[in-house]
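Trainee: Please find the sequence and the predicted model below.
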Amino acid sequence: MFFKDIIGQDSAKAYLRQSVAKQRVSHAQLFSEHEGFGALPLAIAYAAYVNCPHRTEEDACGTCPSCVKFKKFSHPDLHFIYPTIKTDSKRTSRDYFKEWLELLNETNAYGTLAKWIEKLDAANKQAIINVEEAEQLLKTLNYKSYESEYKVVIIWLIEKLQHQAAPKLLKILEEPPEKTLFLLITETPDEILSTIKSRTQLLRIPPIEKEALETALQLYFPENDKDTINRIAGLSEGSWSYAQNLIEHNEQEEEFFNLFVEWMRICYVSEMQKALDFSEKFAKMGREVQKSFFAYALELLHFFMQCHTGGIETVKVRDEEKDFIAKFSQYITLRNVSLFAEAFEKAISHIERNANQTILFMDVSIQIMMWINKEKQRK
């Protein structure tokens, strides 16, 4: 994994390259992103760049022994820590390295927490970074680097660190072994202990540029036409994993539309039992399908706004979608559309974090019932 393999993120790459050129490599850095922006690929490419003896101004050489091993995610001085599930036989990242390597190779390091949980076959269990992990890290860092200038520790989703493990990690960050680089990655920085954040240099990873997403989508999904790719890139909010999810489920749009109409009709009549039955049906879908459904729902909200601001004739969708938007626009209005959008965006976030899907969907349904009833009362 090198800078050239990363989708977009030119400004982040330039910043990281410059820190090496100016010999300002901070020993502990916190990469803060939204899912799919590319923090993990950036961290791996940065580690490869720092340790490449023949790096150029733009990238690691890609051919030296160090780069060859980084490309395979198997360099002996590259250490990964990530959330895991405790079992009788497995307790730390080292025990799950085979599954982790599969995730990196399958996703080109753009893996998500949902895909990792699926890889662990963990169902609704909570993945954490536990105390044993911190103790194992202490032992590992006592050894000198094998080949490279820096030992690199990449901690993916540091917010999953158990509170009991925090003191041990803090000790390492405060008194780091010489030539050790810690790259911490977070998607929810507010959940990180302030004592840990204060000991790191923050790098905010921005959304991936729309043009870069379009280029990547054309490369990986050439069977799709330009209009589809342009639309997906615009909806993906700068996230590669989100864009992949949307385009892979693009053919499900008609199914999602019918599902959304059914849901809105249930909310319109405020039938709690039907809403609960619908929520249970929703919970049986896979996480990626659930996220795609809410992404589609967010797209529909955009068309509702178009209907209100420019008229239904400006909305470019299929006829059945246009008919529904025209009729239901009296309940999804400019007064409440931002509430719908916020609820759908939060739902995607909670699904990524392994929330109970039945409760989640029922909660959103109840909120929608309230918003629709308010619009009814205005009539």
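Mentor: Arrived safely, thanks for sending.
Trainee: Settle this for me: I266 is touching L276, isn't it.
Mentor: No. Checked against Cβ atoms under 8 Å, the pair I266 and L276 is beyond contact range at 9.8 Å. For every residue, glycine as well, the C-beta is placed using N, CA and C.
Trainee: if you count what's nearby, which of those two comes out ahead?
Mentor: Higher neighbour count among I266 and L276: I266, with 21 against 15, using other Cβ atoms under 10 Å.
Trainee: Next up, the contacts around that one.
Mentor: Listed by Cβ atoms under 8 Å, 6 or more residues apart in numbering, the contact partners of I266 are K274, A275, F278, S365.
Trainee: quick one: pLDDT of the last one?
Mentor: In other words, S365. Looking at S365, its pLDDT reads 96.
Trainee: That one: which element?
Mentor: Here S365, judged by DSSP states H and E, is contained in helix 357-378.
Trainee: Summarise which helices and strands that helix is packed against.
Mentor: Packing contacts for helix 357-378, counted by 3 or more Cβ pairs under 8 Å, 6 or more residues apart in numbering; DSSP states H and E, involve helix 253-269, helix 272-283, helix 337-352.
Trainee: Might you calculate how far the first one sits from the centre of the chain?
Mentor: Okay, so that is helix 253-269. Computed by Cα atoms, centre = their mean, to the nearest Å, the chain-centroid distance of helix 253-269 equals 27 Å.
Trainee: in that helix, what counts as buried?
Mentor: Using 16 or more other Cβ atoms under 10 Å as the test for burial, helix 253-269 gives E253, F256, F257, L259, F260, W263, M264, I266, C267, Y268.
Trainee: surely K13 meets F3?
Mentor: Yes. Here K13 reaches F3: they are 4.9 Å apart, a contact under Cβ under 8 Å.
Trainee: Residues that sit against both of these two, list them.
Mentor: Listed as contacting both K13 and F3 by Cβ under 8 Å, 6+ apart are A45.
Trainee: need the helices for the stretch 101-250 of the chain, in chain order.
Mentor: Per DSSP state H, counting those that start in this stretch, the stretch 101-250 of the chain carries helices over the ranges 113-120, 131-141, 166-174, 194-197, 210-220, 226-235, 240-248.
Trainee: highest average neighbour count across those?
Mentor: Neighbour counts (mean count of other Cβ atoms under 10 Å) averaged over each of the helices of the stretch 101-250 of the chain peak at helix 240-248, with a mean of 23.
Trainee: can you list the weak-confidence ranges in the stretch 201-350 of the chain?
Mentor: Within the stretch 201-350 of the chain, the segments meeting pLDDT under 70 span 251, 316.
Trainee: hmm, try it at 80
Mentor: Residue ranges of the stretch 201-350 of the chain with pLDDT under 80: 235, 245-246, 248-254, 314-319.
Trainee: Could you do the stretch 51-200 of the chain as well?
Mentor: Applying pLDDT under 80 to the stretch 51-200 of the chain flags the ranges 87-90, 121-125, 140-148.
Trainee: returning to what we had before: closest one of the buried residues of helix 253-269 to H79?
Mentor: F256 (41.4 Å; Cβ to Cβ).
Trainee: Spit out the contact partners of the closest one.
Mentor: If you count contacts by Cβ under 8 Å, 6+ apart, F256 has them with H249, S292, F293, Y296, A297.
Trainee: run the last query once more with 10 Å
Mentor: Contacts for F256 (Cβ atoms under 10 Å, 6 or more residues apart in numbering) come out as H249, N250, V289, S292, F293, F294, A295, Y296, A297, E299, L300.
Trainee: how much space between K284 and Q357?
Mentor: Remark: distance between K284 and Q357 (Cβ to Cβ, to the nearest Å) = 8 Å.
Trainee: So those two - more neighbours on which side?
Mentor: Q357 (20 against 10).
Trainee: Would you agree the more buried one is in contact with R287?
Mentor: Yes. Using Cβ atoms under 10 Å, Q357 is in contact with R287, at 8.0 Å.
Trainee: Could you check how far the helix holding S365 is from the centre of its chain?
Mentor: The answer for helix 357-378 is 27 Å, by Cα atoms, centre = their mean.
Trainee: cool, stretch 152-171 as well?
Mentor: How far stretch 152-171 lies from its chain's middle: 19 Å, per Cα atoms, centre = their mean.
Trainee: Same question for stretch 34-48.
Mentor: With Cα atoms, centre = their mean as the basis, stretch 34-48 stands 12 Å off its chain's centre.
Trainee: Just the CA atoms from that stretch would do, formatted as CSV, please.
Mentor: Taking Å, rounded to 0.1, in the frame of the first residue of the first chain, the C-alpha atoms of stretch 34-48 are listed here in CSV:
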residue,chain,number,x,y,z
HIS,A,34,-15.4,9.5,8.6
GLU,A,35,-15.7,5.8,7.5
GLY,A,36,-14.3,5.3,4.0
PHE,A,37,-12.2,8.5,3.7
GLY,A,38,-9.0,6.5,3.7
ALA,A,39,-7.3,6.9,7.0
LEU,A,40,-6.1,3.3,7.3
PRO,A,41,-4.6,3.2,3.7
LEU,A,42,-3.0,6.6,4.4
ALA,A,43,-1.4,5.3,7.6
ILE,A,44,0.0,2.2,5.9
ALA,A,45,1.3,4.2,3.0
TYR,A,46,2.9,6.8,5.4
ALA,A,47,4.6,4.0,7.3
ALA,A,48,5.9,2.5,4.0
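Trainee: what about it, average pLDDT?
Mentor: 95.
Trainee: quick one: buried residues of that stretch?
Mentor: For stretch 34-48, a neighbour-count test (16+ other Cβ under 10 Å) marks 34-48 as buried.
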